[in-house]
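S.K.: Next one to model:
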Amino acid sequence: MEKRDNILFSDTFDVKDMDKGGKKFDRISRLDGRSQTHDMSLILDVNTELYPVEAGDKFKLTLSSSLSLGDSKEPAAFGKGEANWRAYVNGDERSLADDYEYVMFGRVYRYDDASGSKVSAFVSFGGLLMCLEGDIRHLQNFIVGDTIYLLMRKI
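M.R.: Numbers count the residues shown, from 1 in each chain. So this is what the prediction gives:
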């Protein structure tokens, strides 16, 4: 995959555990994952009714500031009266989402760098939460308040 400015993070993860603290909602599960390349840990809420995930699964996770294939900006049609990002994804132009099975849109709400070189980025996807933790080099482009896309596909 070529390097694009809009890709904030990308790696393959192994699902180590599901609902470690017990299942709280019928259609939502919390997965614990570990990345294969960058030694990152991931806690992620997933709508398992839409996208079933189990312990032992492997998936590619990409976090992006936009779905554009060309540059870091959304296409011109996006944001001009469109109700949401799905109008772009379901349109005629190809997008980053076309290469993935599960896509969420959210906002970075917390960034914790209190432990030096290890940092944590927290993102809310409409109430489904993510915590990605690891070396600061891989999370330095995450800014509180920025919107972000999460894209997943099983391997």
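
S.K.: Helices along this protein, start to end?
M.R.: 86-89, 136-139 (DSSP state H).

S.K.: Mind telling me which of those helices the model trusts least?
M.R.: When those are compared by mean pLDDT, helix 86-89 comes last with a mean of 56.

S.K.: Give me the pLDDT value at Trp85.
M.R.: pLDDT for Trp85: 54.

S.K.: now swap in the one 5 residues further on and tell me
M.R.: At Asn90, the model reports a pLDDT of 59.

S.K.: again with the one 5 residues further on
M.R.: According to the prediction, Ser95 has pLDDT 89.

S.K.: what's it sitting at in phi/psi?
M.R.: When read as degrees, to the nearest 10, the backbone of Ser95 gives phi -140, psi 170.

S.K.: That one contacts Asn6, doesn't it?
M.R.: No: between Ser95 and Asn6 there is no contact under CB atoms under 8 Å: 10.8 Å. Bear in mind the C-beta positions are built from the backbone N, C-alpha and C, glycine included.

S.K.: who touches both of the two?
M.R.: Listed as contacting both Ser95 and Asn6 by CB atoms under 8 Å, 6 or more residues apart in numbering are Ser68.

S.K.: More neighbours: the two, which one.
M.R.: Per other CB atoms under 10 Å, whichever of Ser95 and Asn6 has more neighbours is Ser95, with 23 against 19.

S.K.: That one and Leu63, how far apart?
M.R.: Distance check for Ser95 against Leu63: by CB to CB, to the nearest Å, it reads 15 Å.

S.K.: got it, and Ser41?
M.R.: Distance, Ser41 to Leu63, using CB to CB: 14 Å.

S.K.: more crowded one of those two?
M.R.: Neighbour tally, Ser41 and Leu63, criterion other CB under 10 Å: the higher count belongs to Leu63, 23 against 16.
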